[in-house]
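Q: Okay, structure incoming, though there's no sequence with it:
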């Protein structure tokens, strides 16, 4: 494990994914706000890891994950 903020948020994100997987067939597994939290967390994590790399490609990760969020998740919020 590398002690950077991006990787630490990655461990938190993986913990949340495993938590969601363990709650299969429950209401929290299909809760739309939980899904939004997970989608936004991966956007923050991916962007932070790209910033830590220092090669200037963080906008690709930020806007890429934001675009995926808009296409797949935003319209399900109502």
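A: Nice, I can see it. These numbers were taken from a predicted model, which means no experiment stands behind them. Numbers count the residues shown, from 1 in each chain.

Q: For the chain, just list every one of the strands.
A: Assigned by DSSP state E, the chain shows no strands.

Q: count of residues packed around residue 10?
A: 19 (other C-beta atoms under 10 Å). In short, each C-beta sits where N, CA and C put it, glycine included.

Q: ditto for the one 4 residues further on
A: Neighbouring residues of residue 14 were enumerated by other C-beta under 10 Å; the total is 11.

Q: try residue 23
A: 14.

Q: do residue 36 as well
A: So residue 36, with other C-beta under 10 Å, has 15 neighbours.

Q: what does residue 50 give?
A: 19.

Q: Please name the nearest non-neighbouring residue to it.
A: residue 58 (3.9 Å; C-beta to C-beta, 6 or more residues apart in numbering).

Q: The one you found: how many residues sit nearby?
A: Quick note: residue 58 (other C-beta under 10 Å) scores 17 neighbours.

Q: quick one, what contacts it?
A: Contacts for residue 58 (C-beta atoms under 8 Å, 6 or more residues apart in numbering) come out as 47, 50-51.

Q: from these, which is closest to residue 66?
A: residue 47 (9.2 Å; C-beta to C-beta).

Q: Would you check how far apart the spatially closest residue to that closest one that is not a sequence neighbour and residue 14 are?
A: The spatially closest residue to residue 47, leaving aside those adjacent along the chain, is residue 62, at 4.4 Å (C-beta to C-beta, 6+ apart). Here residue 62 is placed at a distance of 20 Å from residue 14 (C-beta to C-beta, to the nearest Å).

Q: With residue 8 instead?
A: Distance of residue 8 to residue 14, given as C-beta to C-beta: 11 Å.
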